[in-house]
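K.L.:
Okay, here's the prediction I keep looking at, along with the sequence it came from:
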Amino acid sequence: MKISHGISALPKSPTGIKGFDEITFGGLPKGRPTLVSGGAGSGKTLFGMEFIIRGAVEYAEPGVFVSFEESEEDLVANFKSLGFDLVQLQADKKLYLDYVHIDRSEIEETGEFNLEGLFVRLGFAIDAISARRVVLDTLEALFSGFANQFILRSEIRRLFRWLKDRGVTAVITAERGSLEGGLTRHGLEEYVSDCVIALDHRVHDQLSTRRMRVVKYRGSTHGTNEYPFLLDEGGISVLPITSVGLDYAVTNERISTGIPRLDVMFGGKGFFRGSSILISGTAGTGKTSFASQFVYNTCKNGERCLYFAFEESSSQIVRNMRSLGMDLEPLIGKGLLRYESVRPTSFGLETHLAKMIQIITEFTPSAIVIDPISNMINVGSGYDVKIALMRLVDMLKSKLITSLFTSLLQAGRDIVDEHVGVSSLMDTWMLLREIESGGEANRIINIVKSRGMAHSNQLREFVMSDQGIEFVDVYTGPAGVLTGTARVVQEAREKTEWTRIQREIERKKRDLERKRLVTEARINELQARMDSDQEEIEKLIQEHQMNSQTASQVSTQMARMRMADTQE
Amino acid sequence: MQDMQHPNPDEQYNLRLYVAGQTAKSLQAFANLKKICEEHLQGRYRIEVIDLLENPHLAKGDQILAIPTLVRKLPEPLRKIIGDLSDTDRVLIGLDLRRKESAA
């Protein structure tokens, strides 16, 4: 027996349900029954119906839908609202609906029986349209229809074997068990060993989230996580975004920030395309304006942008940005810019994320903005948000979509504290702040980090005018970076100081000159005095010499005259 | 369960027995039914046997799942009795020919 490729060769039947075929690497096991369990309203019926309809329409596999709970009329009406025309599909022999009704009150059990009637009906239905797929929704209704559980269980076991023998790919739905660990109320998982899927509908903090998990899938690898999924006009969408991982390609291509002087701070070129950018700041520091400037510029270059506005309506943003000299309206008109305004608290986090990803996939933008992300953080617990964001960021990166997130900082809270977790997902992080000094608040920006590129570490002041966001020439002095009027004042102060020193120097120079002159005069005087002293001394010496000469002559004369002996 | 006073002795019974092939169980069921009818409904019953293997499309109409199933089409309301009809008492209750003792 050959083992090579045997594992991956398990034939699968694609469901056509968005995302589901990705987490199961191809769909449900072909020709085998799959159990789908879930509580009331968890989407079991829709899962089954979509499997049948997509099979019939997209994969040319006609299907039989046996309903134990809803009548054919109800099904037709319910799925019409989802855009599926069951009547037409039935007419085209692509779908066979069979409503199996069991009314316990009109049934009396007398002795042994079997469920051959059900088999006959199923077989008839399968043959009628050459069905390749079968859904039994919800088979467990049988348990309330028959008292003899022993017969029922053995018949259900026989049914699964029969389905396998017929080679149809089957979905059997079941109510989730009320006991902990019980997948189904009546233990149907005991009979279905190939593939089990659990659907879940949880409400947490008044927000509902639908999740799906592949509990087991014999002979196949599958994602084991709980995947959020959506039920909407298009049916079910599962979001296999956790499977993205970190192995996406990156690019060195740059995308402008929309503000030329901010580009300069990022090595002159702006952000990396496909990177994630966080702009955080306290209220009123211009986060939305920065985001809009980026979007405005990107759209002007003919690229599509998607803007998730969680706090303001699109018309409000458009109006506000007009005051900054940006006219976003025509860009919306051209289909380059799309706003999605929704209160984050109207859905659960996963649903939110799922909806966002659905829109992103549909609109295929080259950049998205989430303004602000902090509102999403309010929806979930810290860990949930991080996981959700990670998935979103991974998904965006894999598609090279540049993502810009804004985040509201609580004044007085530690920045690092508040952004723990979130900032690590971001490639670039800019911080907007208001600095209060001299009775005014001025806005400054600095780049906290920007992975993989040289960037300025300079704090910069910016002002918002009808020309948009403008960066002001930076003033750095001995007292640090100054902003606003303090900068102007400081500049003036510096100027006076300069003049004063200049004057001081002049004055000192003059002083020195004067001192020099005085000194010179005194030197001259002293010199003169010294000269005169010298003269005097010389005169004295001369006189003395003359005197002593004379004296010697006199003495010699006297001696001669006295005839005194001389000592000579 | 309604407390039926006296079943109308003139009422016509239209009965339909669903089977799947000539199995021992279906033959048994038919024999049991025939016996009960002869005893309790002599002259005012009609039995129609439907073999679903031959007419599978008929299963849908009477919502047949279990085999054998006896359907009392008349008198109304519609009643179903499943199994091989070996428990005569239960069959009689199912056909409203005898009051359910527990209902008293």
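P.N.:
Received it, and whenever you're ready, just let me know what you need. Numbering: from 1, shown residues only, chains lettered A, B, ... in the order given.

K.L.:
quick one: average pLDDT of the helix ranked longest in chain B?
P.N.:
Ranked by residue count, the top helix of chain B under DSSP state H comes out as helix B:24-40. Looking at helix B:24-40 alone, the average pLDDT works out to 88.

K.L.:
buried residues in it?
P.N.:
In terms of neighbour count (16 or more other C-beta atoms under 10 Å in any protein chain shown), helix B:24-40 has its buried residues at B:Lys25, B:Ser26, B:Gln28, B:Ala29, B:Phe30, B:Asn32, B:Leu33, B:Ile36, B:Cys37, B:His40. Backbone N, C-alpha and C define where each C-beta goes, glycine included.

K.L.:
any idea how far A:Glu69 is from A:Thr173?
P.N.:
9 Å (C-beta to C-beta, to the nearest Å).

K.L.:
mind checking how far B:Lys73 is from A:Glu491?
P.N.:
Counting by C-beta to C-beta, the gap from B:Lys73 to A:Glu491 is 104 Å.

K.L.:
Show me how far the longest helix of chain B is from its chain's centre.
P.N.:
Offset of helix B:24-40 from its chain centre (C-alpha atoms, centre = their mean, to the nearest Å): 9 Å.

K.L.:
what does it rub up against?
P.N.:
For helix B:24-40, contacts defined as C-beta atoms under 8 Å, 6 or more residues apart in numbering or on different chains pick out A:112, A:114, B:13, B:15, B:17, B:19-20, B:45, B:47, B:49, B:67-68, B:70, B:83-86, B:88, B:91-92, B:95, B:97.

K.L.:
Could you list the alpha-carbon positions for it in PDB?
P.N.:
The C-alpha trace of helix B:24-40 is given here as PDB (Å, rounded to 0.1, in the frame of the first residue of the first chain):
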ATOM      1  CA  ALA B  24     -41.500 -11.000   7.500                       C
ATOM      2  CA  LYS B  25     -42.300  -8.000   9.600                       C
ATOM      3  CA  SER B  26     -44.600  -6.400   7.100                       C
ATOM      4  CA  LEU B  27     -46.400  -9.600   6.600                       C
ATOM      5  CA  GLN B  28     -46.700 -10.000  10.300                       C
ATOM      6  CA  ALA B  29     -48.100  -6.500  10.600                       C
ATOM      7  CA  PHE B  30     -50.700  -7.100   7.900                       C
ATOM      8  CA  ALA B  31     -51.800 -10.300   9.500                       C
ATOM      9  CA  ASN B  32     -52.100  -8.600  12.900                       C
ATOM     10  CA  LEU B  33     -54.100  -5.800  11.400                       C
ATOM     11  CA  LYS B  34     -56.400  -8.000   9.600                       C
ATOM     12  CA  LYS B  35     -57.100 -10.000  12.700                       C
ATOM     13  CA  ILE B  36     -57.900  -6.900  14.800                       C
ATOM     14  CA  CYS B  37     -60.200  -5.400  12.100                       C
ATOM     15  CA  GLU B  38     -62.100  -8.600  11.700                       C
ATOM     16  CA  GLU B  39     -62.700  -8.700  15.400                       C
ATOM     17  CA  HIS B  40     -63.600  -5.100  16.000                       C
END
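
K.L.:
Average the pLDDT values over the next helix or strand after that helix and round to the nearest integer.
P.N.:
Following helix B:24-40 in sequence order, the next helix or strand is strand B:45-51 (DSSP states H and E). With pLDDT averaged residue by residue, strand B:45-51 scores 91.

K.L.:
hmm, strand B:45-51 in reach of chain A?
P.N.:
No - residues of strand B:45-51 are not located near chain A by C-beta under 8 Å from any C-beta of the partner chain, the shortest gap being 9.8 Å.

K.L.:
now the angle between helix B:24-40 and that strand, please.
P.N.:
Angle between the axes of strand B:45-51 and helix B:24-40 is 170 degrees (criterion: axes from the mean of the first three to the mean of the last three C-alpha atoms, to 10 degrees).

K.L.:
Strand B:45-51 - contacts with which helices or strands?
P.N.:
Strand B:45-51 sits against strand B:13-19, helix B:24-40, with contacts defined as 3 or more C-beta pairs under 8 Å, 6 or more residues apart in numbering or on different chains; DSSP states H and E.

K.L.:
mind checking which of those is nearest B:Lys60?
P.N.:
B:Lys60 lies closest to strand B:13-19 among the helices and strands packed on strand B:45-51, at 11.6 Å (C-beta to C-beta).

K.L.:
packing partners for the closest one?
P.N.:
Under the contact definition 3+ C-beta pairs under 8 Å, 6+ apart, strand B:13-19 sits against helix B:24-40, strand B:45-51, strand B:69-74.

K.L.:
okay, these in TSV with distance to A:Gly41 next?
P.N.:
Converted to TSV, the helices and strands packed on strand B:13-19 look like this (distance: least, C-beta to C-beta, whole Å):
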stretch	distance to A:Gly41
helix B:24-40	41
strand B:45-51	39
strand B:69-74	33
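
K.L.:
just so I know, which of the ones you listed lies nearest A:Arg338?
P.N.:
Closest to A:Arg338 of the helices and strands packed on strand B:13-19, according to C-beta to C-beta: strand B:69-74, at 59.4 Å.

K.L.:
Give me the contact list for the following helix or strand past that closest one.
P.N.:
The helix or strand immediately downstream of strand B:69-74 is strand B:79-82, counting by DSSP H and E. Strand B:79-82 is contacted by residues A:106-110, A:113, A:146, B:62, B:66-72, B:90-91, B:94-96 when judged by C-beta under 8 Å, 6+ apart.
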